[in-house]
Structure formats: structure tokens, C-alpha cells
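Q: give the three-dimensional model of this entry:
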Amino acid sequence: MIDPHMKNTEKNTISLRSILIIMALISAMIVSGCNTMRGFGEDTEAVGESVQDAAT
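A: Numbering: from 1, shown residues only. As a prediction, the model looks like this:
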């Protein structure tokens, strides 16, 4: 909890640290989401190719 008697620089440091942590977490989620979507796309492509092969 932020103490009301803290100096402005201490409050700014806490705020900056919180922002950096949040940004790091969001970045990690985005990167893992991209890998998941890439895998989904590859699976979908494989299914489509199987259907095409079966149709010919």
C-alpha cells in the first residue's frame, strides 16, 4: 500500500515498477497467444490438405 507520507519520487518509482511488471505480463501473454494461433493455423491447414487429398 502506498504511504501518504512518501515522497513523490518514491511514489513514481512504485508506479513505474507496477507499469513495467504489467507490461511484461501482457507481453508474455501476447507472445504465447501468437504461438497458440500459429499452431491452430498449422492444424487447420493440415486438415484442409487432408480433405483435398481425400477428394482427389
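
Q: okay, now E42: neighbour count?
A: 10 (other C-beta atoms under 10 Å). In short, each C-beta sits where N, CA and C put it, glycine included.

Q: do the same with I14
A: 13.

Q: against C34, how distant is it?
A: Plainly put, I14 is 31 Å away from C34 if you go by C-beta to C-beta, to the nearest Å.

Q: and if you look at L25?
A: For L25 relative to C34 (C-beta to C-beta), the value is 15 Å.

Q: tell me what the one helix or strand E49 maps to is packed against?
A: Applying DSSP states H and E as the criterion places E49 in helix 8-55. On a contact count with 3 or more C-beta pairs under 8 Å, 6 or more residues apart in numbering; DSSP states H and E, helix 8-55 meets no helix or strand.

Q: what is the rounded mean pLDDT of stretch 15-32?
A: What stretch 15-32 shows for mean pLDDT is 87.

Q: may I have that stretch as PDB, with CA atoms only?
A: The C-alpha trace of stretch 15-32 is given here as PDB (Å, rounded to 0.1, in the frame of the first residue of the first chain):
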ATOM      1  CA  SER A  15       4.100   3.300 -10.200                       C
ATOM      2  CA  LEU A  16       6.800   2.800 -12.800                       C
ATOM      3  CA  ARG A  17       7.700  -0.600 -11.400                       C
ATOM      4  CA  SER A  18       4.000  -1.600 -11.400                       C
ATOM      5  CA  ILE A  19       3.600  -0.400 -15.000                       C
ATOM      6  CA  LEU A  20       6.700  -2.400 -16.100                       C
ATOM      7  CA  ILE A  21       5.500  -5.500 -14.400                       C
ATOM      8  CA  ILE A  22       2.100  -5.300 -16.000                       C
ATOM      9  CA  MET A  23       3.700  -4.600 -19.400                       C
ATOM     10  CA  ALA A  24       5.900  -7.700 -19.000                       C
ATOM     11  CA  LEU A  25       2.900  -9.900 -18.200                       C
ATOM     12  CA  ILE A  26       0.900  -8.600 -21.100                       C
ATOM     13  CA  SER A  27       3.900  -9.200 -23.400                       C
ATOM     14  CA  ALA A  28       4.200 -12.700 -22.200                       C
ATOM     15  CA  MET A  29       0.500 -13.400 -22.800                       C
ATOM     16  CA  ILE A  30       0.700 -11.900 -26.300                       C
ATOM     17  CA  VAL A  31       3.800 -14.000 -27.300                       C
ATOM     18  CA  SER A  32       2.200 -17.200 -26.000                       C
END
